[in-house]
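Student: Sequence and predicted structure below; questions after.
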Amino acid sequence: QVQLVESGGGLVQAGGSLRLSCAASGSIIRSINAMGWYRQVPGKQRELVARILSGGSTNYVDSVKGRFTISRDNAKNTVYLQMSSLKPEDTAVYYCNAEVVVTTSIGLVFFWGQGTQVTVSS
């Protein structure tokens, strides 16, 4: 199997910063196509925050552009999300996602982390 281990969530005041990390591991990983961060608040659908391809191309949801930066260390199968100028509306559970080419099947398999809480106080 593939495990995604997240870290870096917490409580921060509005205007502050946090950095999330997510490391993927597993013996069946052949390669990882894309890694990304999603977030979810109670009663709403999970939404894509930012995504990065293995080649470095990125995309962001409009609400975080200019404030969040996604990056990736391919050698470590790790993705980061640097969050700055945080707002109370950024409060959510943040989930790491990896689109993995595995050795045991054809095509991409999606894996998720357990989620980490980010709370921004006003």
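Tutor: Perfect, I can see it now. Numbering: from 1, shown residues only.

Student: shouldn't Leu4 be in contact with Tyr94?
Tutor: No: at 11.8 Å, Leu4 does not count as touching Tyr94 under the criterion of CB atoms under 8 Å. Every C-beta, even on glycine, is put in place using the N, C-alpha and C of the backbone.

Student: Report the beta-bridge partner residues of the residue most central in space within the chain.
Tutor: Residue closest to the mean C-alpha point of the chain, counted by CA atoms, centre = their mean, is Trp37 at 2.4 Å. Trp37 forms beta bridges with Ala50, Cys96, as assigned by DSSP bridges.

Student: is it true that it touches Arg46?
Tutor: No: counting by CB under 8 Å, Trp37 sits too far from Arg46 to count as a contact (10.6 Å).

Student: so what pLDDT did Gly107 get?
Tutor: We have a pLDDT of 87 for Gly107.

Student: quick one: contacts for it?
Tutor: Val101 (CB atoms under 8 Å, 6 or more residues apart in numbering).

Student: Please apply the same query to Asn74.
Tutor: By CB under 8 Å, 6+ apart, Asn74 lies in contact with 32, 54.

Student: Let's see that with 10 Å instead.
Tutor: 31-32, 35, 52, 54-56 (CB atoms under 10 Å, 6 or more residues apart in numbering).

Student: quick one: which of the residues you listed is nearest Gln117?
Tutor: Nearest to Gln117, judged by CB to CB, of these is Met35 at 19.9 Å.

Student: you'd agree that closest one is in a strand?
Tutor: Yes: assessed by DSSP: H, G, I helix; E, B strand; the rest coil, Met35 belongs to a strand.

Student: what about the residue nearest to it when sequence neighbours are not counted, how many neighbours?
Tutor: Spatial nearest neighbour of Met35, chain neighbours left out: Val79 (3.9 Å); criterion: CB to CB, 6 or more residues apart in numbering. Using other CB atoms under 10 Å, Val79 has 29 neighbouring residues.

Student: do the same with Val12
Tutor: Around Val12 sit 17 other residues, with neighbours defined as other CB under 10 Å.

Student: so it is in which element?
Tutor: Using DSSP states H and E, Val12 sits within strand 10-13.
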